[in-house]
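S.K.: make a model of this:
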Amino acid sequence: MAQVIQRIISSKRFPLYSGLLYAISSIVILAMNKHLQNLNSGARSCPDLRFGYTPDEVYAWAIMLGDNGRTAYLKMCKKADVPTKVALLFPFAMLGDVIETSLSGYAVKRFPDRIDDGLLFASSIGNQFKWVSFGLGTVTLIVLALYNSRYRMHNSSKKD
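M.R.: You can find the predicted model right below:
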């Protein structure tokens, strides 16, 4: 396994592919949020894009979405938020995202009935865990890319 990881991070295209996956996943998430906002102009960004939230904020957001927006959000919850390859690069972020999306989707599905606030606090913790893990994963990719380019430069200078 260590050899596979070393081969991947030593690839000349590793920084390019990592950057493309990051950009694509960001565009998909922002497009989904824009779609929800277009369904109801009063709705703020979905909880998935925030860093933490309270149960009352989730319910206020669900009210602003309206029936069409809530239906669209539930459809989005059934689809994978993050492309599979990005999930493999950021497995802990994916775990946080699954927790967050499952619980906030459940709250929207049960709307207007409220679910236990503890579940939405758990959803918020999953959200924060997702963003911290994603940030740390991004920093790790940058460090690996820098190490990779320095390693190649060092090896090419030894050959000369």
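S.K.: can we go C-alpha only for contacts and neighbour counts from here?
M.R.: OK.
S.K.: how about the backbone phi and psi for residue 115?
M.R.: Here is the backbone geometry of residue 115 (degrees, to the nearest 10): phi -90, psi 170.
S.K.: and it, what is it in contact with?
M.R.: With contact taken as CA atoms under 8 Å, 6 or more residues apart in numbering, residue 115 is in contact with residue 107.
S.K.: now do the helix or strand containing residue 65, average pLDDT.
M.R.: Using DSSP states H and E, the element containing residue 65 is helix 55-78. Helix 55-78 carries an average pLDDT of 82.
S.K.: how about stretch 137-145?
M.R.: The model assigns stretch 137-145 a mean pLDDT of 77.
S.K.: need the helix or strand of the chain with the lowest average pLDDT.
M.R.: Sorting the helices and strands of the chain by mean pLDDT, DSSP states H and E puts helix 84-89 at the bottom, at a mean of 57.
S.K.: packing partners of whichever helix or strand comes after that one?
M.R.: Downstream of helix 84-89, the next assigned helix or strand under DSSP H and E is helix 91-110. Applying 3 or more CA pairs under 8 Å, 6 or more residues apart in numbering; DSSP states H and E, we find helix 91-110 packed against helix 55-78, helix 117-159.
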